[in-house]
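Student: Starting from these lines, generate the structure:
(one chain, ligands or ions: 2)
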Amino acid sequence: MSDPAPVGVDSDWLDRKLERLDSITLGSSAASVGRVEQIGDGIATVSGLPEAKLGEVLTFENDVSGFVLSLDRATMSVVLLDEGVNVGAGSSVTASGHVLHVPVGPELLGRVVDPLGRPLDRDEAIAASQFEPIERPAPAIIERDLVSEPMETGVLVVDSLFALGRGQRELIVGDRATGKTSIAVEAMINQKSTDVVCVYVAVGQRATAVDRVIEAVQAHGAPERCIFVVAQAASAPGLQWMAPFAGFTMAEYFRDRGQDALIIVDDLSKHAATHRELALLTNEPPGREAYPGDIFYLHARLLERAARLSPERGGGSLTALPIAETDAANLSAYIPTNLISITDGQIVLSADLFAANQRPAVDVGLSVSRVGGKAQKKALRDVSGRVRLDYSQFLELEMFTRFGGLSDTRVKAQIARGQRIRALLTQPRFASLRLVDQVALLAGLGEGLLDPLPIAAINALRRSLPSFLDAHAGEAVSRVTTSGLLDDECRAAFLAAVRELCARLTGTAPSEGGTP
Ligand code: ATP
Ligand code: MG
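Tutor: Ligands and ions are numbered 1, 2, ... in the order given. This next block holds a predicted model:
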């Protein structure tokens, strides 16, 4: 059909002409093929693809994929997600039309996967039927509820002094090798007796460290309710960058279905370093401490996704325990301060305490939990209130009396009490304490029952108490466990059991069948 040339301006004619021109010159296939201009350090500079979006997945030759990290006028920077790439300048690139997404669902439980959801544990593929984007909006305020249920870790110092609630974000921060991962893993293992789903995200960790975590959970926890998302130090920077986001998306699946989930990100300092590396390679201008200005926003929008949802949204929760590493205990460095301001509190681990064999090496002066206290079970809150005060007073007194002799008997008693608190808070790994054990120990401590006990016997007391309580105060154990309250009767039963056990440990009471 011939198209008569218009005499005046005819917009319909112009539109028709342009449409035809589009289909001839660009065509749908031509518009979605780009070209690699430059490649190196895990980043490809790509031209063409005018429709590509930020975060969109692009596919290179040889099945290599990457995602768009930044867009320039004529080119874009693409972060590659695969190692050992056989792609060079001039190769073609196609746009997928979708942003990065990962498989979600119960099929992932018990598995070790990379941040794209590809299995790392065995050859069996993840048969997930659902995929979700790695970046999802955080729940709005109206969709949230107050944090009201405890997330018990089984670690006495955390549960009694810095209680966590389901839906809280608590930073675990400390120098290298101060037990940061161990505390988070204890929290994961303690979920064996609950129905919380755990997601452990490893970013930039050594393979041996990741293996140790997985082995610990397999040996002591409930691995069938855990997902391990692993991007090791040797993985492509793109995988390390997306790992925390992928982990959150996998955990949110459970949160959005009314379940409770716990996510551990080990660690965000390494994630920040990867982000800095990628940002500098893509020529983003560096900001404070060479981090581009948006690292704060990146971590904030990640951690905002942890929440307790309102009953209308199913009432699920996602608790986040991000980990950060400090240099020489410098909490005021850029990344730790960012994370401290994003989270609802921090558990600070001290290298000095760790070296002095106080493990977990929690610095009680610098640590805080801002929302979990309200979620703490009343039975534990009632008995732990005094401990914090007694312990802080003891730490000050200890400093003053270090060089001089002790004069006052009251001071001596305070110091003796403090030493016992310290011994109690020192807890070996894989020795989780239940709520009732913690309540009984602290009630006994408050009553002064532990004061005559030699400090060396405190460890034995903590170890023997759970089975002793079950045997001698079984009814109180089940009542306190179900109600979360400590009435006078249960309190008396617990105190009697602790008194009896202390007497046996000091040898002032005959023991049944040898030492406990
Ligand atoms: P990194 O900086 O390398 O990630 P980290 O801070 O995560 O280290 P961990 O790997 O958790 O520290 O722990 C360091 C060492 O301390 C491990 O060998 C661990 O077994 C030991 N450790 C941690 N917690 C305790 C504890 N409560 N009792 C005894 N040993 C502990
Ligand atoms: Mg660690």
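Student: Chain neighbours aside, what residue packs nearest to Asn330?
Tutor: The shortest distance from Asn330 to any non-neighbouring residue, by CB to CB, 6 or more residues apart in numbering, is to Pro336 (7.4 Å). Heads up, the C-betas are built off the backbone N, CA and C, glycines and all.
Student: pLDDT score assigned to the one you found?
Tutor: Note for Pro336: predicted pLDDT of 96.
Student: cool, and Leu21?
Tutor: At Leu21, the pLDDT value in this model is 55.
Student: Also Ala431?
Tutor: 95.
Student: got it, and Gln393?
Tutor: Gln393 is given a pLDDT of 89.
Student: Contacts only, for the spatially closest residue to it that is not a sequence neighbour.
Tutor: Nearest non-adjacent residue to Gln393, counting by CB to CB, 6+ apart: Gln414, 6.2 Å away. Applying CB atoms under 8 Å, 6 or more residues apart in numbering to Gln414 gives the contacts Asp390, Gln393, Phe394, Leu397.
Student: which of these tops the neighbour count?
Tutor: Within the contacts of Gln414, most neighbours by other CB atoms under 10 Å means Phe394, with 20 neighbours.
Student: Pretty sure Ile421 is one of the things that one touches, is it not?
Tutor: Yes. When contacts are counted by CB atoms under 8 Å, Phe394 is listed as touching Ile421 (6.8 Å).
Student: okay but Glu304 is in contact with Arg136, surely?
Tutor: No. Between Glu304 and Arg136 there is no contact under CB under 8 Å: 10.5 Å.
Student: looking at this protein, which helix or strand is least sure?
Tutor: Counting by mean pLDDT, DSSP states H and E, the weakest-scoring helix or strand in the chain turns out to be helix 27-31, with a mean of 48.
Student: Check which residues of the following helix or strand past that helix are buried.
Tutor: Counting by DSSP states H and E, the element after helix 27-31 in chain order, helix or strand, is strand 33-40. With burial defined by 16 or more other CB atoms under 10 Å, the residues of strand 33-40 counted as buried are Gly34, Val36, Ile39.
Student: who's in contact with the first one?
Tutor: Taking CB under 8 Å, 6+ apart, we find Gly34 in contact with Val46, Ser47, Gly48, Leu49, Ala52, Leu58, Ser92, Val93, Thr94, Ala95.
Student: give me the beta-bridge partners of it?
Tutor: Gly34 forms beta bridges with Val93, as assigned by DSSP bridges.
Student: which residue sits closest to Leu501 in space, ignoring its chain neighbours?
Tutor: Of all residues not flanking Leu501 in the chain, Phe468 sits nearest, at 5.1 Å (CB to CB, 6+ apart).
Student: swap in Arg301?
Tutor: Arg301 sits nearest to Ala138 (CB to CB, 6+ apart), 6.7 Å away.
Student: Kindly state the pLDDT recorded for that neighbour?
Tutor: Listed pLDDT for Ala138 reads 96.
Student: gap between it and ligand 1?
Tutor: Plainly put, Ala138 is 27 Å away from ligand 1 if you go by CB to the nearest ligand atom, to the nearest Å.
Student: That residue contacts Ala307, correct?
Tutor: Yes. Ala138 is within contact range of Ala307, at 6.9 Å (criterion: CB under 8 Å).
Student: Show me which of these two is the more surrounded one.
Tutor: Ala307 (27 against 17).
Student: hang on, isn't that one packed against Arg255?
Tutor: Yes. Counting by CB under 8 Å, Ala307 does reach Arg255; the two are 7.5 Å apart.
Student: Which residues are in contact with each of the two?
Tutor: Common contacts of Ala307 and Arg255 (CB under 8 Å, 6+ apart): Ser317, Leu318.
Student: got the residues of the chain near ligand 1?
Tutor: Proximity of the chain to ligand 1 (CB under 6 Å from any ligand atom) is limited to residues 174, 176-182, 325, 359-360, 427-429.
Student: out of those, who has the most neighbours?
Tutor: Gly174 (29 neighbours).
Student: Please state the backbone phi and psi of that one?
Tutor: Gly174 adopts backbone torsions of phi 180, psi 170, taken as degrees, to the nearest 10.
Student: so who does it touch?
Tutor: Gly174 neighbours (CB under 8 Å, 6+ apart): Lys180, Glu325, Thr326, Ala329, Val348, Leu349, Ser350, Ala351, Ala361.
Student: if you set the cut-off to 6 Å instead, what comes out?
Tutor: Lys180, Leu349 (CB atoms under 6 Å, 6 or more residues apart in numbering).
Student: Equivalent analysis for the one 5 residues further on, please.
Tutor: With contacts defined as CB under 6 Å, 6+ apart, Gly179 is in contact with Leu349, Arg359, Pro360, Ala361.
Student: Same check on Arg313?
Tutor: Arg313 sits next to Glu143 when contact means CB under 6 Å, 6+ apart.
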